[in-house]
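Trainee: My questions concern the predicted model and sequence given below.
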Amino acid sequence: VKLLATAAWDAEVAYAMTYNGFFDAQLICDIGGGLGHVLIKFAQHYPDIKGTVLDLPSVVERTTKFIEENELAPRRRAIAGSFLEPYPPEFSECDVFYLKQVLHNWGGELAVTILKQIAAVAKPGASLLATEFILAETRAPQEHHMSKLKSLADVNMLACFAEG
C-alpha cells in the first residue's frame with residue numbers, strides 16, 4: 001500500500017501526487033469529497049484521469065451538477081454512500097483513495113472503520129492519500145497564525161462532534 005499524508009491543499013495535492021508516484025493512477029476516488037472541488041483540481045492537472053466522489057445522498061445531486069457545470073462529465077462522477085458503511089462495488093476499481101479533512105472529524109474507532117471500509121474494497125496495489133491538519137509540536141514565528149488556526153479547528157471538532 002502506498003500512503004502519502006500531506007498538509008497541502010487542492011492544487012498542491014495534485015503536484016504532491018506527481019512527485020510521489022501516484023501519477024500513473026487511472027481512477028481517483030475522493031471519499032467524502034463533497035461537491036468535488038479536489039476532483040476538479042485533479043482533472044486540471046491530470047485531464048485523462050477518471051474520478052469518482054463518494055458522499056451522502058443529500059450531497060451527490062449537487063456534486064453531479066457541479067461536475068457537469070465544470071464540463072468534467074462523463075470522466076468524473078458522484079456516487080451516493082457513506083464512508084462508514086461498505087462502499088459500492090464501483091470503488092473496487094479505484095487506484096487512489098483520497099481523504100481530505102475526513103479522519104479528524106471522527107474518533108479513533110470510527111476513523112479506523114473508515115480506513116477498514118477502504119481496505120475492504122481496495123484492489124491490490126491501490127493507494128491511500130490523506131490530507132489532514134498536522135499540529136506542530138513547536139511553532140516558528142512565521143507559522144504562528146496557521147498553527148493557531150489548526151489548533152482552533154481541532155478544538156472546534158471536539159466541540160461539534162461527539163466523536164471528536
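Mentor: Looks like it came in fine. Numbers count the residues shown, from 1 in each chain.
Trainee: ranges for the helices of the protein?
Mentor: 10-19, 37-45, 57-69, 108-121, 144-160 (DSSP state H).
Trainee: Helix 57-69 and the second one, what's the angle between them?
Mentor: Going back to what we said before, that points to helix 37-45. Helix 37-45 runs at 20 degrees relative to helix 57-69, counting by axes from the mean of the first three to the mean of the last three CA atoms, to 10 degrees.
Trainee: list the buried ones in helix 37-45?
Mentor: Buried residues in helix 37-45, counted by 16 or more other CB atoms under 10 Å: His37, Val38, Leu39, Ile40, Lys41, Phe42, Ala43. Heads up, the C-betas are built off the backbone N, CA and C, glycines and all.
Trainee: what do you get for the fourth one?
Mentor: Of all the residues in helix 108-121, those buried under the rule 16+ other CB under 10 Å are Leu110, Ala111, Ile114, Leu115, Gln117, Ile118, Val121.
Trainee: which one among those residues gets closest to His104?
Mentor: Ala111 (8.2 Å; CB to CB).
Trainee: And the pLDDT at the closest one?
Mentor: The score at Ala111 is 90. That number is its pLDDT.
Trainee: same question, Val121
Mentor: 96.
Trainee: same question, Gly33
Mentor: pLDDT, the model's per-residue confidence, is 92 for Gly33.
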